[in-house]
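Student: turn this into a model:
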Amino acid sequence: MKRIAVIGAVLEEPRTSQRVFNETVSQYRQIVKGRMGIPFDDEDTAVIALTLRGELDDINALTGKLGNLPHVTVKTAVSGSLKHGTEKP
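Tutor: Below you'll find the model as predicted:
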């Protein structure tokens, strides 16, 4: 059953972590519906928010992979199951 989720990520030292972060996100591009990134150059930090729509297993897999990257901290909020009839094929 599909769900909607938001992943918030803080990348410390983004010059060293952003390439792998982006490669990991691109592996799940089929569930990524939106992305917003804000650099904080003075703090050598970046904040990225991802909006997702997909199966809970895929959301959890992406969250786990991102959370295991060095210098990356993630938090995820997930909706309950989407109501029957609102899912698109």
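
Student: what ranges does this protein have for its strands?
Tutor: Residue ranges of the strands in the chain, as given by DSSP state E, are 2-12, 32-40, 45-55, 72-78.

Student: quick one: mean pLDDT over the first one.
Tutor: Same thing as strand 2-12. For strand 2-12, mean pLDDT is 97.

Student: what angle sits between it and strand 45-55?
Tutor: Angle of strand 2-12 versus strand 45-55, following axes from the mean of the first three to the mean of the last three CA atoms, to 10 degrees, is 160 degrees.

Student: what does the second one give?
Tutor: For the pair strand 32-40 and strand 45-55, the angle between their directions (the same axes, to 10 degrees) equals 170 degrees.

Student: reformat the strands of the chain as a markdown table; add distance to residue 25 and mean neighbour count.
Tutor: To be clear about C-beta, it is placed using only N, CA and C from the backbone, and glycine gets the same treatment. Formatted as a markdown table, these follow (distance: least, CB to CB, whole Å; neighbours: other CB atoms under 10 Å):
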| stretch | distance to residue 25 | mean neighbour count |
| --- | --- | --- |
| strand 2-12 | 9 | 18 |
| strand 32-40 | 6 | 12 |
| strand 45-55 | 7 | 18 |
| strand 72-78 | 11 | 15 |
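
Student: make JSON lines out of those and add distance to residue 18.
Tutor: Formatted as JSON lines, the strands of the chain follow (distance: least, CB to CB, whole Å):
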{"stretch": "strand 2-12", "distance to residue 18": "6"}
{"stretch": "strand 32-40", "distance to residue 18": "9"}
{"stretch": "strand 45-55", "distance to residue 18": "7"}
{"stretch": "strand 72-78", "distance to residue 18": "9"}
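
Student: give the rounded mean pLDDT of stretch 77-89.
Tutor: On average, stretch 77-89 scores 71.

Student: so residue 28 touches residue 57, yeah?
Tutor: No. If you go by CB atoms under 8 Å, residue 28 and residue 57 don't touch, sitting 11.3 Å apart.

Student: so between those two, which is more surrounded?
Tutor: residue 28 (18 against 8; other CB atoms under 10 Å).

Student: still on that earlier bit, could you point out which of the strands of the chain sits nearest residue 66?
Tutor: Among the strands of the chain, the nearest to residue 66 by CB to CB is strand 72-78 (4.9 Å).
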